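A.B. asks: just to be clear, the model below is a prediction. Sequence and coordinates:
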Amino acid sequence: MKFSVDKHDKYVLLKLNESKLNSLVTPQLKSELILINTEGQRNIIMDLSQIKFADSSGLSSLLVGHRLCKNASGVFILVGLNDAVARLITISQLDSVLTIVPSTEEAIDLVFMEEVEKQLKKEAK
């Protein structure tokens, strides 16, 4: 699996450099998501702009990322979806579960907004 990982203080940007998100790629993707999570990162932005095709195993790996981040009180955000992948997510009704934004910049803003909200809630207690 070809990908790049860009680590920041509050989030990790994981960019897949593959054209397909299928059963050939997903085992390694799931391992990478788990590794990122066990390193203490709770916010993951996943750039799927290179992905032209996804199947059920690909969706499964996205749900793994979502669950890992949610359990760590973080966010898992998808960016750069093409029409075919977006349609598959909608048909699977995962658009109500997964957080999807158009651009990486918006995803970064969302991570920082979530972090500020958590901090404010903590201070209010």
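C.D. replies: Perfect, I can see it now. These numbers come from a predicted model, not from an experiment.
A.B. asks: need the helices for the chain, in chain order.
C.D. replies: Secondary structure of the chain (DSSP state H): helices located at 26-38, 56-71, 83-91, 104-124.
A.B. asks: turn the ones you listed into TSV, columns for mean pLDDT and mean neighbour count.
C.D. replies: Yep, even glycine has a C-beta here, placed from its N, CA and C like the rest. TSV is the format used below for the helices of the chain (pLDDT from 0 to 100; neighbours: other Cβ atoms under 10 Å):
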stretch	mean pLDDT	mean neighbour count
helix 26-38	96	17
helix 56-71	96	18
helix 83-91	95	15
helix 104-124	93	13
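A.B. asks: and residue 47, which of these is closest to it?
C.D. replies: Proximity to residue 47 (Cβ to Cβ) singles out helix 104-124 among the helices of the chain, at 6.3 Å.
A.B. asks: distance between that closest one and the chain's centre?
C.D. replies: Averaging C-alpha positions (Cα atoms, centre = their mean, to the nearest Å) puts helix 104-124 16 Å from its chain's average.
A.B. asks: dump the helices of the chain into CSV; add distance to residue 20 as well.
C.D. replies: Compiled in CSV, the helices of the chain are given as follows (distance: least, Cβ to Cβ, whole Å):
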stretch, distance to residue 20
helix 26-38, 10
helix 56-71, 8
helix 83-91, 10
helix 104-124, 21
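A.B. asks: out of those, which gets nearest to residue 49?
C.D. replies: helix 104-124 (8.9 Å).
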